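>>> The following block contains a protein sequence and its predicted model.
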Amino acid sequence: MNDWDEARKKSLELQKLELDVENAKLDLRRLAAEAEEKEHQAALAAIRLREAEAAETERDCSDAANYTYRFADEVDDDSIFALMDTVNSWHRADAESKWNLIIDSPGGYCNSGFHAIDQLIEYSVWGGGSHYITMTVRGMAASMGGIILQAADERVMGRNAQILIHPISSGLYGGRGELHDYMGRIEMLTAQAEKLFKHRAGKKLPRKKLKNALMHKNWWIGAEEALEYALVDRIG
């Protein structure tokens, strides 16, 4: 092999070596890019995992996940149907779940209220159902709100909450026959409320005091008095 061939061979070998070096650099850059991408994807996955865990924790800690419903409204068809939709779905999800209802209501319509009472009693343990229902008064349970309270297995009242028992009434205008029918219905609704109060409170609730409140005069009741007369089971 002459000098020219030797030089050409070395040149080709050098070019090959340089090409190998460049390929190695490319491989290193590719591996670095892949490692960076994997690190980026791992970071994204960690973020998504934390977000999912946070969302799951939030769901687990939510009122709905813990069978808790806040009834802070007047008693009417809309508010009661919303409550019934909730407890019906709870029943379908877990036929033996324990429910916590928090009430702060000025009262409202008798028909809507007794709708809720009948359904809650059917679901309650004391009414023969499978759900232990705790109802807690925050603020007030006035008028029909105080009657609905009696449907729960456990009736709880905040220290500064109030219950109102008063005569059942409604603004009605009409002829003598209509007024007579109206009074008959008022007496029936009053008797229903009185029966429920008596059933839950037993002998601790003075009959004359209850009758006077339902027939003649508003009776605002604080927590201590409500406990004394067994209108609630505990203060808390």
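Sure thing, it's come through.

>>> List the residues that contact the residue nearest to Ser97 when sequence neighbours are not counted.
Spatial nearest neighbour of Ser97, excluding adjacent residues (Cβ to Cβ, 6 or more residues apart in numbering): Tyr67 at 5.1 Å. Where you see a C-beta, it was placed from the backbone N, CA and C, and this is true even at glycine. When the contact criterion is Cβ atoms under 8 Å, 6 or more residues apart in numbering, the partners of Tyr67 are Trp90, Asp94, Ser97, Lys98, Trp99, Asn100.

>>> next one: phi and psi at Tyr67?
phi 50, psi 50 (degrees, to the nearest 10).

>>> element containing Gln15?
helix 3-61 (DSSP states H and E).

>>> Okay, buried residues for the very next helix or strand once past that helix please.
Where DSSP H and E defines the elements, the next helix or strand beyond helix 3-61 is strand 68-71. Buried residues in strand 68-71, counting neighbours by 16 or more other Cβ atoms under 10 Å, are found at Thr68, Tyr69, Phe71.

>>> State the mean pLDDT of the strand or helix carrying Leu164.
Secondary-structure assignment from DSSP H and E places Leu164 in strand 162-165. Mean pLDDT, computed over strand 162-165, is 99.

>>> Sort out which of the contacts of Tyr67 are buried, if you could.
Buried among the contacts of Tyr67 (16+ other Cβ under 10 Å): Trp90, Ser97, Lys98, Trp99, Asn100.

>>> Could you dump those into CSV with distance to Ala54 and secondary structure added?
Below are the buried ones among the contacts of Tyr67 laid out as CSV (distance: Cβ to Cβ, whole Å; DSSP: H, G, I helix; E, B strand; the rest coil):
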residue, distance to Ala54, secondary structure
Trp90, 25, helix
Ser97, 25, coil
Lys98, 26, coil
Trp99, 26, strand
Asn100, 24, strand
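
>>> For those residues, give me a markdown table that also has pLDDT and distance to Ala161.
Formatted as a markdown table, the buried ones among the contacts of Tyr67 follow (pLDDT from 0 to 100; distance: Cβ to Cβ, whole Å):
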| residue | pLDDT | distance to Ala161 |
| --- | --- | --- |
| Trp90 | 98 | 24 |
| Ser97 | 97 | 25 |
| Lys98 | 98 | 21 |
| Trp99 | 99 | 19 |
| Asn100 | 99 | 15 |
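
>>> That concludes my questions; thank you for your assistance.
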